[in-house]
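Student: what follows is a predicted protein model with its sequence.
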Amino acid sequence: MQVLSWFGTALHGAANGALRPLPSPWPGAGPAREAASRSWFPRMHVHPGQRWVTLEQGGQRLCATPDGGLVAAAPEAEEVPPEARFLPLSDARLDHLARLPLDDWTLSDGTLVAGGDIRLAAGFVLRFGPLDIALDQGPDTLVVETLDGVPHGLRLVHDGWRADRARVLRPLIYLCVFGAETQFLQLRLLLESLGRFGAYRGQVLIVSDRPEAALLPLVPEALAGQVMFTRREMPDLNAMLHARYELDDLPIGQFQPVLYLDCDMLCDAPLMPLFAGMNTADAIFGTLEVPRPIDGPMAPVSPWFGGALFAKDPLRGRRIHALNSGSIGFSNRAIAEPVFRQLLGIARGYAAREPDHNPRFGDQPFLNYLFQKLGPVDLALLNRHIRVLRGSATTMDGARLGLLHFNRGVGHAGKHETMQAHLASLKEQA
């Protein structure tokens, strides 16, 4: 048995029925009083119409103290005082409550609730950022959704009847980096900028054909402890380009939301608002390389954006957009995995059946085709946080959105040199 005191401290029921104060998982809780260091063997009294109970031992009522202790007092004849009220909880319920402050969360409107802003308060209240959840109003005011036994979603009722939903914010960025040394030079710059400007509190997963020992020197001190590694051998360029969709062996199941990034990017502003926005719904998020639809009688769709596929299987009644596969977001693995498997199957099937297949265009035609053919894919959110520099663009002026993608090289310098120069500029402006 577990009981929660009026002040938000927990007491543990041992197998022999004894009650002992537990160290509170909540920030700011004080130590238990010396008087409560021994075990108690109380009688529990149920009060009609109330979800709380009272505890008595030896004819004395047990009362909680604000610092987490217990004291005994002669029972009053009239109304039970708040400090003598205790809320019974199951072991699982208390364990879930104790885990909530270990993560950040987002509400349904994207409001970020930091773990430090989640605590038990007086009156059997769970203070969840701006919301007060009355735990004594029944289990339906806080419905916990778990994944592998760990809370990952909450259905909340506050202010008596208002409903909301919260999702755990446990973000992951994953990067697939193979082959030429230039890719790893770009990776170093991306990680450096992420540690310097990203204010990023999640994890980074690097998928590479190089061993962890060779990659560790690329990780800046600011990201120490936040980077994981998975090694994969890639037989050819086509396999490298499709690796981002191979989720089977990646340790990403516990994370939400997830963002794939090419390594030719720099971070220039905090990224947590992007992840908070992604965390409001179950969705896949795509990035527009061109902000307007690109199809039309005078503008045939480029093969880079699935032109050959759309010519053979057109969209009916819809315009075609140009999606860039260098940044792909998704709520969690369960949302993305079946879509990514289908994309890989379509790519293999097209290569086997269509004589015009050209592997130099890589994965991006198939992403454009599948995301727009079947959808629905959010094509707005990422573009509020990612700026794609195309072709011969030479200027990087403008508002810092969060990520800057040096797509196809920028200006007349090599991509790595241009990224390096821009990162130096960002540091000077800091």
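Tutor: Here it is on my side, so go on.
Student: what's the weakest-modelled helix or strand in the protein?
Tutor: Ranked by mean pLDDT, DSSP states H and E, the weakest helix or strand in the chain is strand 19-21, scoring a mean of 52.
Student: which is the next helix or strand following that one?
Tutor: Sequence order places strand 43-46 as the next helix or strand after strand 19-21, per DSSP states H and E.
Student: what lines up beside that following strand in the sheet?
Tutor: strand 53-57 (antiparallel) (DSSP bridges).
Student: what comes up buried for the strand it pairs with?
Tutor: Val53, Thr54, Leu55, Glu56 (16 or more other C-beta atoms under 10 Å). C-betas here are computed from N, CA, C, even on glycine.
Student: and the residues you listed, which is closest to Pro365?
Tutor: Val53 (64.7 Å; C-beta to C-beta).
Student: just checking, that closest one touches Pro42?
Tutor: No. Counting by C-beta atoms under 8 Å, Val53 does not reach Pro42; the two are 9.7 Å apart.
Student: what domains does the record give for the chain?
Tutor: Per automatic domain parsing, the domain ranges recorded for the chain read 2-89, 92-168, 172-429.
Student: mean pLDDT for the ones you listed: which is lowest?
Tutor: Lowest mean pLDDT of the domains of the chain: domain 2-89, a mean of 72.
Student: quick check: end-to-end length of that domain?
Tutor: Using C-alpha to C-alpha, to the nearest Å, the end-to-end distance of domain 2-89 comes to 5 Å.
Student: next: stretch 237-252.
Tutor: Note: stretch 237-252 ends 24 Å apart using C-alpha to C-alpha.
Student: and for stretch 60-70?
Tutor: End-to-end distance for stretch 60-70: 12 Å, by C-alpha to C-alpha.
Student: pull out the buried positions in it.
Tutor: Going by 16+ other C-beta under 10 Å, stretch 60-70 has these buried residues: Arg61, Leu62, Cys63, Ala64, Thr65, Gly68, Gly69, Leu70.
Student: name the nearest of those relative to Leu404.
Tutor: Among those, and counting by C-beta to C-beta, the member closest to Leu404 is Gly68, at 49.8 Å.
Student: so that closest one, which of the three states?
Tutor: coil (DSSP: H, G, I helix; E, B strand; the rest coil).
Student: same check on Glu83?
Tutor: Classification of Glu83 using three-state DSSP returns helix.
Student: and Leu215, that's in a helix?
Tutor: Yes. Looking at Leu215 with three-state DSSP, it is inside a helix.
Student: which residues does it contact?
Tutor: By C-beta atoms under 8 Å, 6 or more residues apart in numbering, the contact set of Leu215 is Phe184, Ile206, Ser208, Phe229.
Student: quick check, nearest of those to His321?
Tutor: Ile206 (29.8 Å).
Student: next one: Ala84 from Gly138, what distance?
Tutor: As defined by C-beta to C-beta, to the nearest Å, Ala84 lies at a distance of 21 Å from Gly138.
Student: Ile118 now?
Tutor: Distance from Ile118 to Gly138, by C-beta to C-beta: 20 Å.
Student: neighbour-wise, which of the two wins?
Tutor: Ile118 (22 against 10; other C-beta atoms under 10 Å).
Student: wait, the more buried one sits on Pro101?
Tutor: Yes. At 4.5 Å, Ile118 counts as touching Pro101 under the criterion of C-beta under 8 Å.
Student: in the sheet, who's paired with Leu261?
Tutor: Counting by DSSP bridges, the residues bridging with Leu261 are Ser327.
Student: does it touch Leu190 like I think?
Tutor: Yes. Assessed by C-beta under 8 Å, Leu261 is found in contact with Leu190 at 7.3 Å.
Student: neighbour count: these two, which is higher?
Tutor: Neighbours per residue (other C-beta under 10 Å) separate Leu261 from Leu190, with Leu190 holding more: 27 against 22.
Student: state the distance from that one to Ala239.
Tutor: From Leu190 across to Ala239, the span is 22 Å (C-beta to C-beta).
Student: hang on, the earlier thing: could you dump the buried residues of strand 53-57 into JSON lines and include distance to His47?
Tutor: Converted to JSON lines, the buried residues of strand 53-57 look like this (distance: C-beta to C-beta, whole Å):
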{"residue": "Val53", "distance to His47": "7"}
{"residue": "Thr54", "distance to His47": "7"}
{"residue": "Leu55", "distance to His47": "12"}
{"residue": "Glu56", "distance to His47": "12"}
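Student: out of the residues you listed, the closest to Gln364 would be?
Tutor: Using C-beta to C-beta, those come closest to Gln364 at Val53, 62.1 Å.
Student: what are the bridge partners for the residue nearest to the closest one when sequence neighbours are not counted, then?
Tutor: The shortest distance from Val53 to any non-neighbouring residue, by C-beta to C-beta, 6 or more residues apart in numbering, is to Met44 (5.1 Å). Beta-bridge pairing of Met44 under DSSP bridges involves Leu55.
Student: ok, now which ones touch Met44?
Tutor: Applying C-beta under 8 Å, 6+ apart to Met44 gives the contacts Val53, Thr54, Leu55, Pro88.
Student: which one among those gets closest to Met234?
Tutor: Using C-beta to C-beta, Pro88 comes nearest to Met234 of those, at 56.2 Å.
Student: hang on, that closest one packs against Gln2?
Tutor: Yes. If you go by C-beta under 8 Å, Pro88 and Gln2 touch, sitting 7.1 Å apart.
Student: the two - which one has more neighbours?
Tutor: Gln2 (20 against 15).
Student: where do the strands sit along the stretch 151-300 of the chain?
Tutor: 162-169, 172-177, 203-208, 227-231, 258-261, 265-267, 284-290 (DSSP state E, counting those that start in this stretch).
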